[in-house]
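1. based on what follows, work out the 3D shape:
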Amino acid sequence: MSNSAEVTNPASSIPHYGAQAQPPRRIRVIGVPLDLGASRRGVDMGPSAVRVAGLEARLEALGHEVTDGGNIRVEIAETQTAGKENAHYLKQIAQTCTRTAEAVVKMIEEGMTPLVLGGDHSLAAGSVSGVAEFYRRKGEKIGVVWIDAHSDINTPETSPSGNVHGMPLAALLGLGPEALTKIFGYAPKVAAENTVLVGVREIDAAERENIRCAGVAVYTMRDIDERGMRTVMEEALRAAGNGTAGYHISLDMDWIDPEVAPGVGTPVRGGATYREAHLAMEIIADHGRLLSFEIVEVNPVIDEHNRTADLAVELACSAFGKKIL
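-> Numbers count the residues shown, from 1 in each chain. Predicted coordinates:
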């Protein structure tokens, strides 16, 4: 027996997680400058802020083909009446969501990956409905990973504010008003077992009961603190991808700590760090099952030198395959 120490290959001990680069995509960008769903104004300028931050050029630098489809038509609050106290501007928001859903279906039919820019989070009732409808026609279903400081699972009956940007996930699960739940004439758009909340840290009392009743998986910021971002994202993507064609990623920029992303619609302290946010997006890219992507709640009115929009572009690039090495 040799007395010499066993020689190992140093490279064998180095993790090569997600070494395969993501293949080029045909990405279609659309803006949904919607701010009817929130109390604080300004997120209607989010799509412009993200475009100004160089979204198209930076995605093209990764090898993707990117086209901009312009903005979905949205009514201006000053020209409208708010309507019901428990669901402000519901009619107008539902119309915008329907137009968004139809545009998303058309994009995917043309072989594009939708990249939707918000706007407040109520637009997701439309974007996700469009993705779900395309795959429903093929006999398939989709998953949703909802990355947000809030659970957005209120209904008009449970909402303390009447702001519809707190209701889109409920609508996609078949809860809430038919104007949002029944886009394309059916509900739910996604199954609870394929729906995952990541990064929540501010939940209304009534929403807790809605979450329990709906049966969706939830990873709070405490879960991320205790278990780490990689474990949380791996489990989230596994649930969203189980038996589905893939998943829609809905990224609310208020998921990130306001020290890093100050220009958001509803900032909440204690969010994800800069590197945690990038790691989550990088893991999404590694899995390669992204069907569509949206970034919402960028508010340039309260931002600092477009920092939040610039970060949104960085995160989109990570989700679409940009790597450190």
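2. wait, Tyr274 sits on Glu259?
-> No - taking contacts as C-beta atoms under 8 Å, Tyr274 lies outside contact range of Glu259: 9.3 Å. Quick note: C-beta positions are derived from backbone N, CA and C, even for glycine.
3. could you pull out the buried residues of the longest helix seen in the chain?
-> If you go by DSSP state H, the chain has its longest helix at helix 90-109. Neighbour-count burial for helix 90-109, counted by 16 or more other C-beta atoms under 10 Å, picks out 90-105, 107-108.
4. and for that helix, what's in contact with it?
-> Defining contact as C-beta atoms under 8 Å, 6 or more residues apart in numbering, one finds that helix 90-109 is touched by 28, 30, 32, 34, 36-37, 69, 72-75, 80, 83-84, 113-114, 116, 122-123, 125-127, 129-131, 133-134, 156, 164, 177, 179-180, 183-184, 291-292.
5. from these, which would you call buried?
-> Those of those that meet the buried threshold are 28, 30, 32, 34, 36-37, 69, 72, 74, 113-114, 116, 122-123, 125-127, 129-131, 133-134, 156, 164, 177, 179-180, 183-184, 291-292, by 16+ other C-beta under 10 Å.
6. any idea how far Ile324 is from the residue nearest the centre of the chain?
-> What sits nearest the mean C-alpha location of the chain, by C-alpha atoms, centre = their mean, is Ser250, with 1.0 Å. The gap separating Ser250 from Ile324 is 25 Å, by C-beta to C-beta, to the nearest Å.
7. next: Arg230.
-> 15 Å.
8. which of those two has more residues huddled nearby?
-> Arg230 (15 against 6; other C-beta atoms under 10 Å).
9. all strands for the stretch 101-250 of the chain, in order.
-> Counting by DSSP state E, counting those that start in this stretch, one finds strands in the stretch 101-250 of the chain at the ranges 113-118, 143-147, 195-200, 217-220, 247-252.
10. quick one: which of Tyr274 and Glu259 has more around it?
-> Shown here are Tyr274 and Glu259; by other C-beta under 10 Å, Tyr274 has more neighbours (15 against 12).
11. could I get the pLDDT score of Lys84?
-> pLDDT recorded at Lys84 is 79.
12. about what we covered before: the strands of the stretch 101-250 of the chain: which one's closest to Thr308?
-> Minimum separation from Thr308 across these (C-beta to C-beta) falls at strand 247-252, 11.5 Å.
13. roughly how far is the helix or strand following that closest one from the heart of the chain?
-> Per DSSP states H and E, the first helix or strand lying C-terminal to strand 247-252 is helix 274-287. With C-alpha atoms, centre = their mean, to the nearest Å as the basis, helix 274-287 stands 13 Å off its chain's centre.
14. please identify the buried residues of helix 274-287?
-> Of all the residues in helix 274-287, those buried under the rule 16+ other C-beta under 10 Å are Glu276, Ala277, His278, Leu279, Ala280, Met281, Glu282, Ile283, Ile284, Ala285, Asp286, His287.
15. list the contacts of the last one.
-> To tie it back to what came earlier, the one meant is His287. Leu237, Gly241.
16. for Arg230, see how far away it is.
-> 12 Å.
17. and the first one, by the same measure?
-> Distance, Glu276 to Arg230, using C-beta to C-beta: 10 Å.
18. kindly report the same for the fifth one.
-> Here Ala280 is placed at a distance of 9 Å from Arg230 (C-beta to C-beta).
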